[in-house]
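Q: Following is a predicted model, sequence given first.
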Amino acid sequence: MNKKTEKQYKKIVLAYSGGLDTSVLIPWLKENYNCEVIAVSGNVGQAGELDGLEEKALKTGASKLYIEDLTKEFVDDYIIPTIQAGATYEQYLLGTSFARPLIAKRIVEIAKAEGADAICHGCTGKGNDQVRFELAIKSFAPEMDIIAPWRFWELNSREKEIAYAEEHNIPLKINKETNYSKDKNLWHLSHEGLDLEDPANEAPINVDGFLELGVSPEQAPDHPTYVTIHFEEGKPTAVNGKDMDSVELIELLNKLGGENGIGILDIVENRLVGMKSRGVYETPGGTILYAAHNKLEEITLDKETKHYKEQVALKFGELVYNGLWYTPLRKALSAFVSETQKTVTGDVKLKLYKGNIIPASVTSPYSLYSAGMATFDEDDCYDQSDSAGFINLFGLPLKVRALQDQELFEKTGKHFADVE
């Protein structure tokens, strides 16, 4: 037995998606630890990927499978607060990042209820998800052992995992030729691996079957689609005049966005573990929501709040990406964001056209925009002669420096720039 598996456990709870890594983990854990394996799947809106999962888990050796419906909690407590913050990570809309802490939290709850000795996950040692899972586990069960086979097992490539699955008659939905690494939930679908590993290769977004949540901009209709989203205190509550549950709302926007080639992102991002990684993300509804929310904040937030909030968004996005959801700082930043959202109420109309999101209109009962102030026509709100005094005071430091620079040059033959 591998030295990493010398410690024995009676019961291990496995974070189980039914994908390649976790499919082979059930028999592998039983072979190496001679233990009971309980599988736990978190439903965060991955739709048909859960079909047949219980039968598969039990046939491959699990004693039971929990399928926990976390979709509503995912949207209301993780997605929407992140939208309100305007948080992204290097353009990435955090689809995998904020799902992992929620799933891990529920796994801990089940592991405790089952009296498990350890929790196992199938995250690669090169990825971010191992951090997200384990930081959440440490937050709620600091005493719990964590098993991460990718760090030490013999199945150290996806090809070896596939071969192991074939030897153990484990059914897979992939093969060696279609072996993209994917993660799907209500919010997004990510694609990594194979030809995408080389940034010199164009992403095959026009190849049939690659995109799953929509079409490429080239394949989108030749006519625009208009959509109006209503927000109450920064939370989306209605589309095209129809009040909707938060989950239903995202599902509809995914459909509209997908049909119009919205939300396809191809980036090389800086992973937490230190390497650069290329990924293609589909986030149609999320991209629409971010655009609409930002547009509404343009007219409902004052300048200082909006500018400072943009700084907060950068840090918020880093915390989420790095698996630090359950930290005092993230909670404190969320409290700040919630305060800023009290007037972010109104309607945003957008035009969706071939991958583009074009603002059409924005209205709010709390709008700070004044047509009278902004007009180039004659008005009685703004005395333009006041600007002369403002510019004199605002530019005073520049004027003083320039005068001093002249004096320095007359005395020494040098300018400030020569000695700085």
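A: On my side now, so go ahead.
Q: which helices and strands sit right next to the helix or strand hosting A113?
A: According to DSSP states H and E, A113 maps onto helix 99-114. In terms of contacts (3 or more CB pairs under 8 Å, 6 or more residues apart in numbering; DSSP states H and E), helix 99-114 is packed against strand 11-15, strand 36-43, strand 64-69, helix 71-74, strand 118-120, helix 129-140. From N, CA and C alone the C-beta is placed, and that goes for glycine too.
Q: Which strands or helices does the fifth one pack on?
A: Strand 118-120 sits against strand 11-15, helix 99-114, strand 145-147, with contacts defined as 3+ CB pairs under 8 Å, 6+ apart.
Q: The third one now?
A: In terms of contacts (3+ CB pairs under 8 Å, 6+ apart), strand 64-69 is packed against strand 36-43, helix 53-59, helix 99-114.
Q: would a markdown table of the ones you listed with distance to E232, mean pLDDT and mean neighbour count be doable?
A: Conversion of the helices and strands packed on strand 64-69 to a markdown table gives the following (distance: least, CB to CB, whole Å; pLDDT from 0 to 100; neighbours: other CB atoms under 10 Å):
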| stretch | distance to E232 | mean pLDDT | mean neighbour count |
| --- | --- | --- | --- |
| strand 36-43 | 27 | 97 | 24 |
| helix 53-59 | 36 | 93 | 17 |
| helix 99-114 | 23 | 98 | 21 |
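Q: Now for the chain, the helix or strand with the poorest mean pLDDT.
A: When the helices and strands of the chain are scored by mean pLDDT, DSSP states H and E, helix 371-374 comes last with a mean of 71.
Q: what comes up buried for it?
A: Within helix 371-374, no residue qualifies as buried by neighbour count (16 or more other CB atoms under 10 Å).
Q: what about the helices and strands packed on strand 64-69, which gets the closest to E339?
A: Of all the helices and strands packed on strand 64-69, helix 99-114 sits nearest to E339, with 23.1 Å by CB to CB.
Q: Residues in contact with the closest one: which ones?
A: Here helix 99-114 makes contact (CB atoms under 8 Å, 6 or more residues apart in numbering) with 11, 13, 15, 38, 40, 42, 44, 66, 68, 70, 73-74, 77-78, 116, 119, 129, 132-137, 139-141, 144, 185, 187, 323, 325-326.
Q: For G355, see how far away A15 is.
A: Separation of A15 from G355 (CB to CB, to the nearest Å) stands at 34 Å.
Q: With neighbour numbers in mind, choose between those two.
A: Neighbour totals were compared for A15 and G355, and A15 leads with 24 against 18 (other CB atoms under 10 Å).
Q: Next up, the contacts around that one.
A: Applying CB under 8 Å, 6+ apart to A15 gives the contacts 22, 40, 42, 103-104, 107, 119-122, 133.
Q: follow-up on the earlier one: starting at the chain centroid, how far to the helix holding A113?
A: Chain-centre distance of helix 99-114: 20 Å, with CA atoms, centre = their mean, to the nearest Å.
Q: Stretch 180-199 now?
A: 13 Å.
Q: which outside residues touch it?
A: So stretch 180-199 is contacted by 19, 44-47, 49, 71, 74-75, 79, 93, 95-96, 99, 158, 174, 179, 201, 203-204, 210, 212-213, 247, 250-251, 254, 268, 277-283, 285-286 (CB under 8 Å, 6+ apart).
Q: re the thing from before, list buried residues within the contacts of helix 99-114.
A: Those of the contacts of helix 99-114 that meet the buried threshold are 11, 13, 15, 38, 40, 42, 44, 66, 68, 70, 73-74, 78, 116, 119, 129, 132-137, 139-141, 144, 185, 187, 323, 325, by 16+ other CB under 10 Å.
Q: Not counting sequence-adjacent ones, nearest residue to F316?
A: Among residues not flanking F316 along the chain, A87 sits closest, at 3.9 Å (CB to CB, 6 or more residues apart in numbering).
Q: I'd say that neighbour and E310 touch.
A: No - the criterion here is CB atoms under 8 Å, and A87 misses it with E310 at 10.2 Å.
Q: who's more crowded, those two?
A: Between A87 and E310, counted using other CB under 10 Å, the more crowded position is A87 (26 against 12).
Q: for the more buried one, what are its contacts?
A: A87 sits in contact with 94, 313-314, 316-317, 320, where contact means CB under 8 Å, 6+ apart.
Q: thinking again about what came up before, dump the helices and strands packed on helix 99-114 to JSON lines, plus distance to L58.
A: Formatted as JSON lines, these follow (distance: least, CB to CB, whole Å):
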{"stretch": "strand 11-15", "distance to L58": "13"}
{"stretch": "strand 36-43", "distance to L58": "9"}
{"stretch": "strand 64-69", "distance to L58": "7"}
{"stretch": "helix 71-74", "distance to L58": "24"}
{"stretch": "strand 118-120", "distance to L58": "17"}
{"stretch": "helix 129-140", "distance to L58": "23"}
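Q: Tell me which of those sits nearest to F231.
A: helix 71-74 (18.8 Å).
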